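Enquirer: mind folding the following:
(one chain, ligands or ions: 1)
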Amino acid sequence: MGLPTLHQFQEQVSELLLRHRSLLDVLSKYQQSNAAVNRSVVKSMTECGCIQVHTSKQPYTPEMTLEEAKSALETHKDGDLCEHCLEAVKSEMGKNLFYLSALCNVLDIDLETIVEEESRKCSTLGLFKMS
Ligand SMILES: [Zn+2]
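Expert: Numbering: from 1, shown residues only. Got it, this is the predicted structure:
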């Protein structure tokens, strides 16, 4: 078996998810799993320390060319996730994706179509997709 397509993944989620079929349950689990992703990233800073955040105002000005802005804008992140934190963050992202798929199932939305449509928008918008 190769890599599952998003469609197959969504099918898998649908078969597994007997308990949280209610839209309300799915919405709250989705939100909770989203917070858990953020929390795992924060823990890599506050508990592990493998990444650090040093912030400052973004040096963006409207006069900048796209290329200038691309090289001037900061991620504010120093360091890289260690093996342990990387696994933790990926695991929470997986659960988040699981509940996004579950939400798609309840609302009869095809996840693969969302990715295709969003990808099309990205290639139309090009470099500057800030929000
Ligand atoms: Zn770490």
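Enquirer: when you work out contacts or count neighbours from here on, use the C-alpha atoms and nothing else.
Expert: Fine.
Enquirer: roughly how far is the worst-scoring helix or strand of the chain on mean pLDDT from the heart of the chain?
Expert: Across the helices and strands of the chain, mean pLDDT, DSSP states H and E gives its lowest value to helix 66-72, namely a mean of 83. Centroid separation between helix 66-72 and its chain, computed with C-alpha atoms, centre = their mean, to the nearest Å, is 24 Å.
Enquirer: check stretch 95-104 too.
Expert: On C-alpha atoms, centre = their mean, the centre of stretch 95-104 falls 11 Å from that of its chain.
Enquirer: what is the rounded mean pLDDT of that stretch?
Expert: Stretch 95-104 carries an average pLDDT of 95.
Enquirer: got it, and stretch 116-130?
Expert: Mean predicted lDDT for stretch 116-130 stands at 77.
Enquirer: quick check: closest non-adjacent residue to the residue nearest the centre of the chain.
Expert: Most central in the chain under C-alpha atoms, centre = their mean is residue 93, positioned 6.4 Å from the mean C-alpha point. Distances taken as C-alpha to C-alpha, 6 or more residues apart in numbering place residue 37 nearest to residue 93, at 5.8 Å, with adjacent residues excluded.
Enquirer: for that neighbour, give me the pLDDT.
Expert: pLDDT, residue 37: 98.
Enquirer: please, which helix or strand holds it?
Expert: Using DSSP states H and E, residue 37 maps to helix 23-43.
Enquirer: elements contacting that helix?
Expert: helix 83-106 (3 or more C-alpha pairs under 8 Å, 6 or more residues apart in numbering; DSSP states H and E).
Enquirer: and this structure, which of its residues are near the ion?
Expert: When proximity is defined as C-alpha under 5 Å from the ion, the chain approaches the ion at 44, 48, 50, 82, 85.
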